[in-house]
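> One predicted model, sequence on top.
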Amino acid sequence: LISPALVTPNLGTPSAGVMTNMTGAVTASLVDDAVTGAKIENNPTIAGNLTVSGDFVPSTALSHRNMIINGGMQVAQRSTAEVIISDGSNEGYQTVDRFSQSFGSAAGGAVKWTQVQNEVPDISGGDMFTNSLKVQCSTTTTENTNKEINIVTKLEVQDMERFGWGKTNKKDAVLSFYFKTSVVGIYSIYLQTSGSGTRRRMISFSVADTNWNRYEIPISADTVALSGDGNSFGILIAWQLINVPNYEYTGGTDSGWGTTIYLTDDGQADFMSNTSNVLYLTGVQLELGSNATPFEHRSYGDELARCQRYYQKFIETEAATGGVSRANLGDGLWYQAPQVLGTLLYTTKRANPAISSSGADALKCYVAGGSLSSNDATPCDMIRCGAARFNIYGFAGGSTGTAGQGTHIILNANEYIEINAELL
């Protein structure tokens, strides 16, 4: 029995012939400059190092690919404590920034909602996470006409412009995320844009096991352009938790873009059927292209700054010397005996924000030799995207300062100020 020979052809000069019926180990080599203008196709994998002496020109950006803010669930400015959410109670943004819970059309049931630290397995080579959004059914309900329960995130129109939807050179997108749930089955993604007539689409995906998995949802470009101001709502992405019979799609896994409302796949899993049902979501990414790239990890500082464009909370923080440090809000002037004027600076917001405090006594203003607690439930007026004017009128017990003297404004113990410009 003769062993196959090691064949090492030198492909220096291409010929018209074709090599066939080659057996055994084959090693091919190319002499310098033997291949010009070559194109590598069909998703090859290069096991060793690749050195490019010229420019490397990718088809999509290497950084700033991910349009989702806080997709790794790192930032939770409001609280990290568990919150119970139901229709009309704590709906909207709770705990994890930029992701909200909605109970549409007075849907029944309730969920527990919180940020958790549970390491996600490295299932795709390089995507490691320590934070995720946890949602657990708290009160059960059943599917009912037009009632929906979902997890939502939204983007601005100006952040969607790179897609060019509705234009000649429109581009496809891909949504990817890490998802784990105790309820296997079909889940639905509902998309809604600001395009003329309100553009909608439903795409479903199948969950086959209760492990962490990464799911990729290709989104072909819409032929209708987005409308609205640059900082207004551009696209809504919703993960549905219960079937919506009046708006279910029976034609498959993708309804395509249109104006007809399809919220769920007709085979949608019933997450709200048992109080032991739980899901986790993290690593959410929306990017150009038809194939998902590894998740774009950003530093906590970068992610926090992006989140603060929409919401910011001034609270007590841990002091370097122990104990707590009450937030220093700004300096001001005793304009007249019962009134302080000053400036509150904050991260520039998406739009003029709403400013609220935890109570009328949330603030403290210094006077010569002491300080006075506020008695004003609306301490700010003349509100702008990047700053507001303190106009604190009234103090506890009717106390006053001295007109013309300066003051420093801080938070009272256990109080806070919220600055909100969320996309609603």
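Noted; the coordinates are in hand. Numbering: from 1, shown residues only.
> in the helix or strand harbouring V174, what's buried?
Using DSSP states H and E, V174 falls within strand 173-181. For strand 173-181, burial by neighbour count (16 or more other CB atoms under 10 Å) applies to 173-181. Every residue, glycine included, has its C-beta placed from N, CA and C.
> How about residues contacting the lengthiest helix in the chain?
Taking DSSP state H as the assignment, the helix of the chain that covers the most residues is helix 300-307. The contact list for helix 300-307 (CB atoms under 8 Å, 6 or more residues apart in numbering) reads 69-70, 72, 74-75, 77, 97-98, 298, 347.
> make it 7 Å
Counting by CB atoms under 7 Å, 6 or more residues apart in numbering, helix 300-307 makes contact with 69-70, 74-75, 77, 97-98, 347, all of which sit outside it.
> Check stretch 142-154 too.
By CB under 7 Å, 6+ apart, the list of residues contacting stretch 142-154 reads 68, 98-107, 109, 135, 190, 233, 235-247, 263, 270, 272, 281, 423.
> Just the buried subset of those, please.
Burial by neighbour count, judged by 16+ other CB under 10 Å, picks out 68, 98-104, 107, 109, 135, 190, 233, 235-244, 247, 263, 270, 272, 281, 423 from the contacts of stretch 142-154.
> could you pull out the helices for the stretch 51-200 of the chain?
In order along the chain, the stretch 51-200 of the chain carries the following helices (DSSP state H, counting those that start in this stretch): 157-160.
> mind showing which ranges of it have poor pLDDT?
By pLDDT under 70, the low-scoring segments of the stretch 51-200 of the chain are 55-57, 59-61, 124-126.
> which stretches of it form strands?
Under the criterion DSSP state E, counting those that start in this stretch, strands of the stretch 51-200 of the chain are mapped to 83-86, 92-93, 100-104, 110-116, 132-139, 148-156, 173-181, 185-193, 199-207.
> quick check: angle from whichever helix or strand comes after the last one to strand 173-181?
From strand 199-207 onward toward the C-terminus, using DSSP H and E, the following helix or strand is strand 213-219. With axes from the mean of the first three to the mean of the last three CA atoms, to 10 degrees applied, the angle from strand 213-219 to strand 173-181 works out at 150 degrees.
> The longest strand along the chain pairs with which strands, and in what direction?
Among the elements of type strand in the chain, defined by DSSP state E, the one spanning the most residues is strand 278-288. Applying DSSP bridges to the sheet, strand 278-288 is found paired with strand 132-139 (antiparallel), strand 173-181 (antiparallel).
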